[in-house]
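Q: From the sequence below, what's the structure:
(one chain, ligands or ions: 1)
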Amino acid sequence: MKAVLIPGDGIGREIAQSVRAVSEALDTGILWQEFAAGAEYAAVEGELLQPGLLDAIEECGWALKGPTATPIGKGFRSINVQLRQRFATYANLRPVHTLPGVKSRYDNVDIVIVRENTEDLYKGIEYKLNDDIANGVKLITRPACDKICRFAFDYARKNGRKKVTAVHKANIMKLTDGLFLSVFRDVATEYPDIAVDDVIIDALCMKLVQKPEQFDVLVAPNLYGDIISDLCAGLVGGLGFAPSANIGDATRIYEAVHGSAPDIAGQDKANPSAILMAFAMMLNDLGMTEKAERLNRAIYDQTAEGKVVTADVGGTAGTKAFTAALIRRL
Ligand code: NAI
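A: Numbers count the residues shown, from 1 in each chain. Model (predicted):
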């Protein structure tokens, strides 16, 4: 099968190389169609996306994306926002769990964040009334709430999760977050096998840092989902091991949560674990569950052992050595 690979900027090419090597070692049969995108491509070609990229994603429906930078103040729209809107990837899925060998404050976090990806304050409806007053619209619609809540419950059911918690601020934003919460409660009645809960966003932040193990699947409108995703990544030791998937009806785009790390780009220092964990999510969705599990297990074991790990987790191995050791393990 075909899938699109977008290495992106900075460390993107190095970690994309790891993906190709691991994909071959696992004998996935994936034929990668590689396209350039990002600030480095724009500096040469004057546009952010290599021609043919969007059509290729449209055609095969699967993409793995490295980090991309958007040139600031040059009129370019973020690639991530462009891809989300063009392919209507309405759900952003971020599993976050503790990994042995990765320093963190907790040893028992296992949370999945389901973030609505298309509306809320990220819709981009902003205007200025005058020089001193700017207004932004928080757009929440019943169909989008229904879709994301169903996605969260279906995910919970399919993955043996016990509880789904809605994140909101309906006590203050009675109409917008109120709509989200009321749709969540309606949808929940169709899933009697899953426990249901809801929590106000500020209280959630406190509870997450005090006792994160009480949460299972969290479903949230766009802005809250964005913020708590990074908060949760911080609970388990940062962005180095944070994968995500952007899921639409016809298209799925997987990526590492971290950025292009310009400070270490081209130096064989990047940790490819997050993009490889995103690749494992992709393999899982493609039905290659055994290969996905094998890949995740190899990353966890290699990290826990701590002998061949990159500098961000206290090691001395480069991206290439890490990948070679991982492949031996596979
Ligand atoms: P960053 O995540 O690139 O870097 C933050 C720190 O983490 C740096 O010290 C970096 O060296 C380190 N780091 C990140 N990934 C690493 C990895 N795989 N292995 C080892 N160390 C790693 O965040 P920053 O510096 O805020 O952003 C840099 C650029 O990336 C910006 O242009 C930003 O817009 C873009 N970006 C793109 C994203 C995407 O395409 N999904 C997400 C976040 C940022």
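
Q: quick one: contacts for the closest residue to the ligand within the chain?
A: The minimum distance from the chain to the ligand, using C-beta to the nearest ligand atom, falls at Gly259 (2.5 Å). Backbone N, C-alpha and C define where each C-beta goes, glycine included. For Gly259, the contact set (C-beta atoms under 8 Å, 6 or more residues apart in numbering) comprises Gly10, Pro67, Ala69.

Q: helix, strand or coil for the first one?
A: Spelled out, that is Gly10. Applying DSSP: H, G, I helix; E, B strand; the rest coil to Gly10 yields a three-state assignment of coil.

Q: Glu119 contacts Arg142, correct?
A: No - counting by C-beta atoms under 8 Å, Glu119 does not reach Arg142; the two are 11.1 Å apart.

Q: Now do the helices in the protein.
A: Assigned by DSSP state H, the helices in the chain fall at 12-25, 39-45, 53-60, 79-86, 142-158, 176-188, 201-210, 222-235, 273-285, 289-305, 319-329.

Q: Output these as CSV; include the columns distance to Lys128.
A: Converted to CSV, the helices of the chain look like this (distance: least, C-beta to C-beta, whole Å):
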stretch, distance to Lys128
helix 12-25, 36
helix 39-45, 28
helix 53-60, 31
helix 79-86, 21
helix 142-158, 26
helix 176-188, 22
helix 201-210, 27
helix 222-235, 20
helix 273-285, 38
helix 289-305, 47
helix 319-329, 45
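
Q: pLDDT weak spots in this structure?
A: Counting by pLDDT under 70, not a single residue of the chain qualifies.

Q: Write out the residues of the protein neighbouring the ligand.
A: 11, 67-69, 80, 239-240, 255, 258-264, 270-271, 274, 312 (C-beta under 6 Å from any ligand atom).

Q: Only the buried subset of the residues you listed, as a ChimeraX command please.
A: A single ChimeraX command is used to select the members of those judged buried by 16 or more other C-beta atoms under 10 Å:
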select :11,67,68,69,80,239,240,255,258,259,260,261,264,270,271,274,312
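
Q: Please identify the most buried of the helices of the chain.
A: Comparing the helices of the chain by mean neighbour count (mean count of other C-beta atoms under 10 Å), helix 273-285 ranks first with a mean of 24.

Q: on contacts alone, who are the packing partners of that one?
A: helix 12-25, strand 62-65, strand 243-247, strand 252-256, helix 289-305 (3 or more C-beta pairs under 8 Å, 6 or more residues apart in numbering; DSSP states H and E).

Q: Pop the domain breakdown of the chain in here.
A: For the chain, automatic domain parsing gives the domain ranges 1-93+240-330, 105-235.

Q: closest one to Leu99 among those?
A: When those are compared by C-beta to C-beta, domain 1-93+240-330 sits nearest Leu99, at 5.6 Å.

Q: can you tell me the distance between the two ends of that closest one?
A: 22 Å (C-alpha to C-alpha, to the nearest Å).

Q: ok, back up a step: would you turn the helices and strands packed on helix 273-285 into TSV with distance to Glu126?
A: Output for the helices and strands packed on helix 273-285, formatted as TSV (distance: least, C-beta to C-beta, whole Å):
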stretch	distance to Glu126
helix 12-25	30
strand 62-65	26
strand 243-247	23
strand 252-256	25
helix 289-305	40
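
Q: mind listing what Ile200 touches?
A: His168, Lys169, Ala170, Asn171.

Q: Which entries within those residues meet the buried criterion?
A: Applying 16+ other C-beta under 10 Å to the contacts of Ile200 flags His168, Lys169, Ala170 as buried.

Q: show me what contacts the last one?
A: When contacts are counted by C-beta under 8 Å, 6+ apart, Ala170 is found next to Asp177, Gly178, Phe180, Leu181, Ile200.

Q: Could you find the closest non-adjacent residue to the fourth one?
A: Read that as Leu181. Ala170 (4.5 Å; C-beta to C-beta, 6 or more residues apart in numbering).
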